[in-house]
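1. 3D, please:
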Amino acid sequence: QVQLVESGGGLVQPGGSLRLSCAASGSIFSISVMGWYRQAPGKQRELVATVSSGGRTNYVDSVKGRFTISRDNAKKTMDLQMNSLKPEDTAVYYCNAVGTHVSDSNYRRFDSWGQGTQVTVSS
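-> Below you'll find the predicted structure:
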């Protein structure tokens with residue numbers, strides 16, 4: 001089983017910064033892609049950014065130039081540095097990881113989610 005735990009959310013004023021972190025644990029063999037998603041009230045969950053094991057990144061247009069995603073493969077962690085935050089960035093942010101883990105002595109694919117962390121941008 002694979003667990004993801006997020007941290008770093010909170011309340012920040014417009015123009016401020018926050019750093020989210022995600023730590024993966026469990027019988028993980030490898031993680032191919034890690035990503036951050038967010039869900040605002042009344043809206044569908046949307047992709048924010050992803051990073052591959054090789055460091056290739058992808059961002060939704062609305063956060064390009066403001067957010068930076070990074071990961072440490074050895075520590076199985078991922079961060080999201082969020083700068084120049086806007087009220088429309090307010091949402092619950094979820095960590096996601098896709099990879100392979102060991103279960104019952106077999107290698108199996110996993111697609112796991114964290115519990116979410118609230119980010120509120122307001123004056």
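2. what sits against the residue sitting nearest the centre point of the chain?
-> With distances taken as CA atoms, centre = their mean, W36 lies nearest the centre of the chain, 2.8 Å away. Neighbouring residues of W36 by CB atoms under 8 Å, 6 or more residues apart in numbering: 20, 22, 47-50, 69, 78, 80, 93-96. Glycine gets a C-beta too; all of them are placed from N, C-alpha and C.
3. any idea how far S105 is from it?
-> 32 Å (CB to CB, to the nearest Å).
4. residue boundaries of the helices in the chain?
-> With helices called from DSSP state H, the chain shows none.
5. Tell me which stretches of it form strands.
-> Remark: strands assigned in the chain by DSSP state E are 2-7, 10-12, 18-26, 28-39, 46-52, 57-59, 67-72, 77-82, 91-103, 106-113, 117-121.
6. Can you tell me which of those is most buried?
-> Ranked by mean neighbour count, the strands of the chain are led by strand 77-82 with a mean of 21 (mean count of other CB atoms under 10 Å).
7. now that strand and strand 117-121, what's the angle there?
-> Put simply, strand 77-82 runs at 10 degrees to strand 117-121, going by axes from the mean of the first three to the mean of the last three CA atoms, to 10 degrees.
8. Quick one: residues in contact with strand 77-82.
-> With contacts defined as CB under 8 Å, 6+ apart, strand 77-82 is touched by 17-24, 34, 36, 48-49, 51, 63, 66-72, 89, 93, 95, 97, 119.
9. repeat that with 7 Å
-> Defining contact as CB atoms under 7 Å, 6 or more residues apart in numbering, one finds that strand 77-82 is touched by 17-23, 34, 36, 49, 51, 66-71, 89, 95.
10. That one pairs with which strands, and in what direction?
-> The strands beside strand 77-82 in its sheet (DSSP bridges) come out as strand 18-26 (antiparallel), strand 67-72 (antiparallel).
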